[in-house]
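Undergrad: I would like to see how this sequence folds:
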Amino acid sequence: MSAVAQDAPEAAIAGDPPARAQRLTLADIPRATGPARLLFDGKGLDEWEPWLGYDDPGLTYRRPAVAPLGVPAAAAPYFSVVEEDGAPALRVEGKTWGSLVHTADLANYHLSLEFKWGDQVWAPRLTDPQNNGLLYHSHGAPGAVWGTWMRAVEFEIMLGSTGMVVPVGNEVRARTTAAQDRGIIYPHRRFRVGGRPIDVTNNGNPDWNVEGARDAEKPVGQWNRLDLYVVGDRAIHVVNGVPVMALTDLAEIDAAGRRVPLTHGRIQLQSEGAETFFRDIRVEPIARLPRLVSR
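TA: Next up is the predicted model:
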């Protein structure tokens, strides 16, 4: 998910420490506490529910008077099962923005999947990096965010930025630590162990995202593996075996202004302008997170 353009005063990020390379690894990988479950069996999408935003995706961030498309009569062609590289894959067309939402309400799990980019890109992102997203702790009504997505925490899947965290919804929060990297988009923040504490929000301030510790994605056309570890209101994002993000205090601000922990929810796979293939989507229960080690 790409954020709305931000007005970005330099003063807001003046206290960020400079980014320096860190070698991050995982230790004490948790054992599964129960059997693994395939979320995509390679045969159909019976456990997934599609939702579509606007017929013209260019309207998404403009609060249009028209209603979103909502639930389509059929998932295809927006989301479909195809053969890719000799095996079944879940294809996201990308032309119409929206999401494919799994029916399970998940908590305390290790989710893994593989993805790769297809060849097709669509307006209004023809010249932007290919973009998708793995949204977790999804909750509330479909289309509550910009008529297109459920409220959630996003494990960004975007060329050059896979692993970034973005809160999906003005009420969603996540805490992490970051340093300043002028080589990436504003707010120039990259995850760093021991960095400046950041409460990531997406409501018009400069804290709308934090990039992963580094770009660990493979070249376009190759399959990438993502691992998401979630226990309660904490999470770790891993790209091709490289931990790139650690989050704490996942939460939502309720109507009374209270910070309510986000500890469970559904999985959404985004459609946001780029053909994307997914396979081997599975989840297993865990009781604790792995340990993040910085060298």
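Undergrad: Where do the strands of the stretch 1-150 of the chain begin and end?
TA: Here the stretch 1-150 of the chain has its strands, by DSSP state E, counting those that start in this stretch, at 24-27, 37-38, 48-52, 79-84, 87-92, 98-102, 109-121, 131-139.
Undergrad: and for stretch 195-203, what are the contacting residues?
TA: With contact meaning C-beta atoms under 8 Å, 6 or more residues apart in numbering, stretch 195-203 is reached by 3, 15-17, 19, 165-170, 172-179, 189, 207-210, 249. Placement of C-beta: from N, CA and C, glycine included.
Undergrad: Quick one: residues contacting the closest residue to Glu49 other than its chain neighbours.
TA: Nearest residue to Glu49, sequence neighbours excluded (C-beta to C-beta, 6 or more residues apart in numbering): Val101, at 4.8 Å. For Val101, the contact set (C-beta under 8 Å, 6+ apart) comprises 48-51, 138, 142, 150, 266-268.
Undergrad: In a markdown table: these, plus pLDDT and distance to Arg91.
TA: Shown next, in a markdown table, are the contacts of Val101 (pLDDT from 0 to 100; distance: C-beta to C-beta, whole Å):
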| residue | pLDDT | distance to Arg91 |
| --- | --- | --- |
| Trp48 | 98 | 12 |
| Glu49 | 98 | 17 |
| Pro50 | 98 | 13 |
| Trp51 | 98 | 17 |
| Ser138 | 99 | 21 |
| Pro142 | 96 | 21 |
| Met150 | 98 | 21 |
| Arg266 | 99 | 20 |
| Ile267 | 99 | 17 |
| Gln268 | 99 | 16 |
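Undergrad: ok, these vs Phe277, which is closest?
TA: Phe277 lies nearest to Trp48 out of the contacts of Val101, by C-beta to C-beta, at 14.9 Å.
Undergrad: Distance of the closest one relative to Ser80?
TA: 11 Å (C-beta to C-beta, to the nearest Å).
Undergrad: out of the two, which sits in the busier spot?
TA: Using other C-beta atoms under 10 Å as the criterion, Trp48 and Ser80 rank with Trp48 on top: 20 against 15.
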